[in-house]
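> model the following, please.
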Amino acid sequence: FLPGKAEIKDVVAQLEVRVPWATILPLHGSMDKEEQRRVFQKYSGVKIVVATNVAETSITIDDIDAVVDSGLERQNRVKNGVEGLFMNPISKANCLQRAGRAGRVGPGEYVLAKYQGYPFIGMKDREDYGTPEIMRTRLDGMVLRLAKSGLDAEELDFYHQPNIKEIVDAKQRLKKLGALREDGGVTKIGRDMERMPVESHYARMMIEARKYGKEVQTQLSALLAVQEAGGICQFSSRARSCGEYWRVLMDRNYNDSDLIKQMEVFVAAQRMSNAEKREYDIFTKAFSTATATMRQLRQVEKLKDQELTAPTKEQREQLVKCIIAGSVDNLYTSDWGSYVDVRGDRREVSNRSILSVGKMIVGSPFDLQIKTIRGIETLHIIEGATNVPSIELLREVAPQLFERKDAGLNVNGGEVVRVYEQKFNGKTLSLESEREPASTERQQFIIRHLINYHGSFIANQANTEIRDLAERSGMDLPLADSTYIAMLLSGVVSEETTLE
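Next up, the predicted model:
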């Protein structure tokens with residue numbers, strides 16, 4: 001048992017050198033059924049199955065005599081409000097479950113072994129049971145379902161009590177998506193979202209698509225189904241190299257969204273056989289999963305008879321609006337080569353992005369724990385990027401998150417102007433200015449401006465004359481300061497005075 005595909009590839013390569021007479025078979029969740037069936041066949045000599053935890057409970061291989069277990073798994077967890085994939089030691093219960101894979105029809109042996117680069121944890125030092133799902137995943141769906149029933153998740157006692165901060169974060173996300181009111185009540189959008197068989201951000205996108213007709217709704221159902229399946233395009237990696245031939249199925253004339261790009265591949269592959277999909281480096285199992293999810297979404301939205309077609313230019317623009325409407329809490333702006341959100345969370349766009357990313361994007365924050373030559377590191381990335389073409393489009397899809405804040409008077413091109421901050425979800429996106437009409441405030445600003453930028457010159461000139469007068473008159477005269485200069489200017493600067 002190994003934690004992932006990359007580790008499986010490494011160990012298979014080493015075993016092929018060390019025990020070349022053995023039949024060595026990889027086994028993981030992204031393999032299709034035809035590939036997985038090989039592990040159940042009988043072979044002459046030694047058979048070694050190198051597997052992830054997919055073999056822990058869901059399948060039984062009769063002729064396994066021994067289990068060698070790394071004691072590790074990759075697990076989805078939410079940390080600081082962000083989903084991530086982290087390496088974790090499995091519990092005693094999971095170790096026993098893996099041990100049970102050996103000796104199904106005779107005596108068996110179990111070895112808990114150290115895996116290179118990771119600390120070894122013995123059986124007695126492991127937790128008795130794994131972390132329950134409610135304590136390691138996002139709670140948006142649960143919070144929304146309870147709220148729809150008139151219950152507040154913060155006030156309930158759970159058998160496995162989740163972190164109260166995760167419940168509060170879930171409420172805040174649902175409010176920004178328009179699913180909950182400020183008082184915690186469920187909106188019409190929230191009631192409709194709760195019926196969707198996808199996570200809350202995707203459900204909000206689906207609701208937005210109702211504005212644009214059945215073709216766009218059908219296209220979005222395919223787009224979201226692909227994301228729920230974890231993507232259908234195989235990327236070349238250390239675990240498995242490939243040609244990424246699915247790229248030829250994408251329209252190169254557009255640079256809008258990674259999500260739309262993968263949906264294009266799904267549309268093009270609808271009528272392909274599994275063999276043809278593999279030729280284009282498309283995961284057949286993920287494709288089947290996406291197809292099933294798409295059927296569910298289409299059933300909820302009454303789209304069963306609508307044909308799925310590639311989007312036109314206008315439809316792509318509408319799909320982008322839907323994506324942004326469901327991602328308003330995940331807006332990022334470029335900042336010195338990386339991207340920052342309203343909380344100051346700094347991330348890099350995933351190297352699997354197909355896009356040339358712009359100044360503003362929406363996407364899903366994700367943390368990925370990896371092993372490098374420097375040790376265990378966590379990458380902070382943005383997956384599924386979509387370019388946001390303009391602030392105006394943001395204002396159109398989420399006006400409730402916009403704020404125009406008066407930032408006071410300033411000087412622009414010799415004119416006194418009033419500056420306004422354009423804020424989205426608390427983050428300043430741009431500054432706008434308007435010429436300020438005559439007013440007492442404008443008059444006082446000009447006086448302060450002249451003092452700040454020319455006061456010392458005026459004071460020096462005045463003080464030269466005052467010293468000369470004091471010397472000639474023999475009087476002790478006070479020198480000019482900023483208060484004196486302001487008094488002088490107030491007699492010169494009127495409400496109508498311009499800086500020109």
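
> any low-confidence regions in the chain?
Flagging of the chain using pLDDT under 70 yields the residue ranges 58, 105, 239.

> just confirm Leu146 contacts Phe158, I think it does.
No. Applying C-beta atoms under 8 Å, one finds Leu146 not in contact with Phe158, separated by 10.7 Å. C-beta coordinates here come from the backbone N, C-alpha and C atoms, glycine included.

> tell me which of those two has more neighbours.
Leu146 (18 against 12; other C-beta atoms under 10 Å).

> which strands and helices lie in contact with the helix or strand harbouring that one?
Per DSSP states H and E: Leu146 is located in helix 140-148. Applying 3 or more C-beta pairs under 8 Å, 6 or more residues apart in numbering; DSSP states H and E, we find helix 140-148 packed against helix 164-176, helix 188-194, helix 200-208.

> residues making contact with it?
134, 152-153, 156, 167, 170-171, 173-174, 179-180, 184-186, 190-191, 193-194, 199-200 (C-beta atoms under 8 Å, 6 or more residues apart in numbering).

> now do it and helix 200-208, the angle between them.
Counting by axes from the mean of the first three to the mean of the last three C-alpha atoms, to 10 degrees, helix 140-148 points 60 degrees away from the direction of helix 200-208.

> that older thread, looking at the helices and strands packed on helix 140-148, which is buried most?
Scoring those by mean neighbour count under mean count of other C-beta atoms under 10 Å gives helix 200-208 as the most buried, with a mean of 25.

> measure how that helix sits relative to helix 164-176, angle-wise.
With the same axes, to 10 degrees as the basis, helix 200-208 and helix 164-176 are set at 10 degrees to each other.

> for the lengthiest helix in the chain, buried residues please.
If you go by DSSP state H, the chain has its longest helix at helix 440-473. Judged by neighbour count (16 or more other C-beta atoms under 10 Å), helix 440-473 contains these buried residues: 442-443, 445-447, 449-451, 455, 458-459, 462-463, 466.

> downstream of it, the next helix or strand is which one?
helix 482-490.

> okay, the angle between that following helix and helix 440-473?
Computed by the same axes, to 10 degrees, the angle between helix 482-490 and helix 440-473 is 110 degrees.

> show me what helix 482-490 is packed against.
helix 440-473.

> for the helix it packs on, packing partners?
When contacts are defined as 3+ C-beta pairs under 8 Å, 6+ apart, helix 440-473 sits against strand 402-412, strand 415-424, helix 482-490.

> put the alpha carbons of the longest one into CSV.
Taking Å, rounded to 0.1, in the frame of the first residue of the first chain, the C-alpha atoms of strand 402-412 are listed here in CSV:
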residue,chain,number,x,y,z
PHE,A,402,-19.5,46.2,-4.4
GLU,A,403,-18.9,49.3,-2.4
ARG,A,404,-18.0,52.8,-3.7
LYS,A,405,-16.0,54.5,-0.8
ASP,A,406,-15.2,58.2,-0.6
ALA,A,407,-11.4,58.4,-0.2
GLY,A,408,-11.3,62.2,0.0
LEU,A,409,-9.8,65.0,-2.2
ASN,A,410,-6.6,64.8,-4.1
VAL,A,411,-4.9,66.6,-7.0
ASN,A,412,-5.0,65.2,-10.5
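
> return the list of strands paired to that strand, each annotated with direction.
Here strand 402-412 has these sheet partners by DSSP bridges: strand 415-424 (antiparallel).

> quick check: buried residues in the partner strand?
Quick answer for strand 415-424 (16+ other C-beta under 10 Å): 416-420, 422-424.

> Three-state assignment for the residue nearest in space to the middle of the chain, please.
By C-alpha atoms, centre = their mean, the chain has its centre lying nearest to Ser364, at 1.4 Å. At Ser364 the chain is in strand, as set by DSSP: H, G, I helix; E, B strand; the rest coil.

> surely it touches Ser353?
No. Counting by C-beta under 8 Å, Ser364 does not reach Ser353; the two are 11.6 Å apart.

> just give me how far the helix or strand that contains Leu96 sits from the chain centre.
Assessed by DSSP H and E, Leu96 sits inside helix 92-99. Mean-position distance between helix 92-99 and its chain equals 33 Å (C-alpha atoms, centre = their mean, to the nearest Å).

> likewise stretch 273-280?
The chain centroid and the centroid of stretch 273-280 are separated by 30 Å, computed with C-alpha atoms, centre = their mean.

> same question for stretch 361-381.
Relative to its chain's centre, stretch 361-381 lies at 12 Å (C-alpha atoms, centre = their mean).

> how about stretch 461-479?
Centre to centre, stretch against its chain (C-alpha atoms, centre = their mean), the figure for stretch 461-479 is 69 Å.

> the helix holding Leu96 packs against which elements?
helix 54-57, strand 66-69, strand 109-112.

> show me the one of those that comes nearest Gln75.
For the helices and strands packed on helix 92-99, proximity to Gln75 was assessed by C-beta to C-beta; helix 54-57 is nearest, at 12.5 Å.

> Ala486 against Ile451, yeah?
Yes. Counting by C-beta under 8 Å, Ile451 is a contact partner of Ala486 at 6.1 Å.

> just give me the neighbour total for the closest residue in space to Phe287 that isn't next to it in sequence.
Counting by C-beta to C-beta, 6 or more residues apart in numbering, Ile232 is the residue found nearest to Phe287 once chain neighbours are left out, at 5.0 Å. Ile232: 27 surrounding residues under other C-beta under 10 Å.

> and Ile232, what does it touch?
Applying C-beta under 8 Å, 6+ apart to Ile232 gives the contacts 226, 246, 262, 265-266, 269, 282-283, 286-287, 290.

> related to what we said a few turns ago, how about the helix holding Leu146: buried residues?
140-144, 146-148.

> dump the residues you listed to JSON lines, plus distance to Lys211.
Conversion of these to JSON lines gives the following (distance: C-beta to C-beta, whole Å):
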{"residue": "Asp140", "distance to Lys211": "23"}
{"residue": "Gly141", "distance to Lys211": "24"}
{"residue": "Met142", "distance to Lys211": "28"}
{"residue": "Val143", "distance to Lys211": "26"}
{"residue": "Leu144", "distance to Lys211": "21"}
{"residue": "Leu146", "distance to Lys211": "28"}
{"residue": "Ala147", "distance to Lys211": "24"}
{"residue": "Lys148", "distance to Lys211": "23"}
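
> wait, which of those residues is closest to Glu432?
Distance to Glu432, by C-beta to C-beta, is smallest for Asp140 among the buried residues of helix 140-148, at 34.2 Å.

> return the residues in contact with the closest residue to that closest one other than its chain neighbours.
Residue nearest to Asp140 in three dimensions, not counting chain neighbours: Ser200, with 3.9 Å by C-beta to C-beta, 6+ apart. By C-beta under 8 Å, 6+ apart, the residues touching Ser200 are 138, 140-141, 144, 173-174, 177, 179, 193.
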